[in-house]
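> build me a structure from this.
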Amino acid sequence: MTATAPEINFQSLFETERLRVRLLQSSDLETFATNRALPVIAQYQGWETSFTIEDAKSLLEKQSSLIFGQDDTWFQLAIENSETGQYLGDLALHFIDNDQSEIGFTLVLEHQQQGYGKEAARGLVGYLCNRMGKRRITATTDAENDAAAKLLISIGMRKEA
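Next comes the predicted model:
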């Protein structure tokens, strides 16, 4: 039996009560790059504070050549306010294989601690399980990033050693 891929609307992969999640686009790149260059944001992430707009453009260009849902691909998804369209941060999505995906999240500093990360991450897990048929969702966070660990536990993930 061959599974068919779900129809994908890249301008709105999914929506929650306050958010719309879509593919990252060129209009997001300045805020995306500026946020990633902040030491307070980069401290728990796998990138340096030297992240530039050129790095962001390169990431978007690479992403545009990939097939959404293909094994071993990464995508950055924009989190935006569904009423205003304001960019709030991004979700990282790694399609590991047919059954598994890995997620991550980074909120713009001034939009942290307002429940957006939890709402977006919960929505992404639901999207992956219900629309993409994933059976295992993982996330990796820095051992010192208590806020991220609490967020992941609050959406039903469990801590593993």
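> list the residues that contact residue 14.
Residues counted as contacts of residue 14 (CB atoms under 8 Å, 6 or more residues apart in numbering) are 20-21, 123-124, 126-127, 131. C-betas here are computed from N, CA, C, even on glycine.
> how many neighbours does the nearest residue to it once chain neighbours are set aside have?
Counting by CB to CB, 6 or more residues apart in numbering, residue 127 is the residue found nearest to residue 14 once chain neighbours are left out, at 4.5 Å. The burial metric for residue 127, expressed as a neighbour count using other CB atoms under 10 Å, is 21.
> just to check, residue 127 is in contact with residue 12?
No. Using CB atoms under 8 Å, residue 127 is not in contact with residue 12; the gap is 10.9 Å.
> shared neighbours of the two, anything?
Shared between the contact lists of residue 127 and residue 12 (criterion: CB under 8 Å, 6+ apart) are residues residue 21.
> for stretch 130-148, measure first residue to last.
Looking at stretch 130-148, the gap from its leading to its trailing residue is 23 Å under the measure CA to CA, to the nearest Å.
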